[in-house]
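Trainee: test case, fold it:
(one chain, ligands or ions: 1)
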Amino acid sequence: MKPKTLQQAIRHFSDEQVCIDTIAALRWPNGPVCPKCGSTEHYYLATQRRWKCKECYKQFSVKMGTIFEDSPISLDKWLAALWMLVNCKNGISSYEVGRDLGITQKSAWFVLHRLRLALQSGSMERMGGNGKHVEVDETFIGGAARNMHRDKHRRRITDTGTKDKTPVMGILERGGEVRAMMVPTRRKHHLQAEIRRHVKAGSAIYTDALLSYQGLKHQDFKHEVIEHAEKYVDGQVHTNGLEKFWSLVKRGLKGTYISVEPFHLFRYLDEQVYRFNNRELANDGERFQKALLQIAGKRLTFSEVTGKVGAAACC
Ligand SMILES: [Zn+2]
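Mentor: Prediction:
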């Protein structure tokens, strides 16, 4: 029986052995493999819920070598947090997860950041190709003035322009997936380098009239521009798919996360990209299952998450 709702999931994973069996089955479809030496010969030590390798005699748990490693948080809480993260449309804050799971906000913040890493697709394959339609657009994110120290607040709201905002670029293949990345600036060489990195030659690319996109025609792309000052849709020529994605990103950041340091922004983007690219899966259980499958083999330490050990945790 696979859970289909949050309530079913919490009940289902309240048994630690069920958590272990679920993760082990996804991680090792052909049976457990020793993370130390790669051997598949082992005993199961049922009382300790660990395996003992017959080759190197080391013991290992299902958490070893995954984002759960070294965490004192129990697996039932990890899995409930993952369920919420991949299925709450606007994201979920560490305050909420902390309250719901009975852990501190700081622990919840760390749990969520590790989970976001697991959601990163990391696909390096280019999108699009001949006959494919790709939308490219950029936006600025950040600078929410609420809940900010007064000095910081004054500095941010009196500053003009987009100084405190981070430029983010999105690329969406119609009928395919979306990718989003932070870019240093909106200048031509930054934006077009990302296009070449992520989009196959021959694709039809749709953008707004930003000058940075000029010249794509000479790089084996078909390029059509929508003049947003005049209209938003001209037949095939529009960036409405990305507009929809941006509105989800911004709603999540404004409503749930309030203020995100630019350093962490890419993790929130990964989270939203995951939900967007998997929005057509049949149910919450499938989105959860797929995310859990990505977890094995990914590890993240506290210093990697924060950039420095003991950094202040936000939302
Ligand atoms: Zn071994």
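Trainee: quick one: the helices in the protein?
Mentor: Assigned helices in the chain, in chain order: 6-12, 16-27, 75-87, 94-101, 105-119, 150-158, 188-198, 240-252, 262-277, 284-295, 302-306 (criterion: DSSP state H).
Trainee: can you list contacts of the longest one?
Mentor: I take that to be helix 262-277. 85-87, 89, 91, 113, 116-117, 119-121, 141-142, 166, 168, 177-182, 245, 248-249, 252-253, 257, 260, 287, 291, 307, 314 (C-beta atoms under 8 Å, 6 or more residues apart in numbering). For glycine as for every other residue, the C-beta is placed from the backbone atoms N, C-alpha and C.
Trainee: what would the helices of the chain look like in CSV with distance to Lys52?
Mentor: Converted to CSV, the helices of the chain look like this (distance: least, C-beta to C-beta, whole Å):
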stretch, distance to Lys52
helix 6-12, 28
helix 16-27, 15
helix 75-87, 20
helix 94-101, 31
helix 105-119, 27
helix 150-158, 53
helix 188-198, 45
helix 240-252, 44
helix 262-277, 36
helix 284-295, 23
helix 302-306, 29
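Trainee: wait, doesn't Ala24 sit right on Val33?
Mentor: No: using C-beta atoms under 8 Å, Ala24 is not in contact with Val33; the gap is 10.2 Å.
Trainee: any idea how far Lys52 is from the closest residue to Trp78 other than its chain neighbours?
Mentor: Nearest in space to Trp78, with sequence neighbours left out and distances taken as C-beta to C-beta, 6 or more residues apart in numbering, is Phe68 at 5.8 Å. Using C-beta to C-beta, to the nearest Å, Phe68 is found at 20 Å from Lys52.
Trainee: more neighbours: which of the two?
Mentor: The neighbour comparison of Phe68 against Lys52 (other C-beta atoms under 10 Å) goes to Phe68, with 25 against 15.
Trainee: so the more buried one versus Gln59, what's the distance?
Mentor: Distance from Phe68 to Gln59, by C-beta to C-beta: 16 Å.
Trainee: where does the stretch 1-150 of the chain have low pLDDT?
Mentor: For the stretch 1-150 of the chain, applying pLDDT under 70 flags the ranges 121-123, 143-150.
Trainee: if we go to 50?
Mentor: Applying pLDDT under 50 to the stretch 1-150 of the chain flags residues 145-148.
Trainee: look up how far Ala204 lies from Asn130.
Mentor: Noted for Asn130: a distance of 9 Å to Ala204, by C-beta to C-beta.
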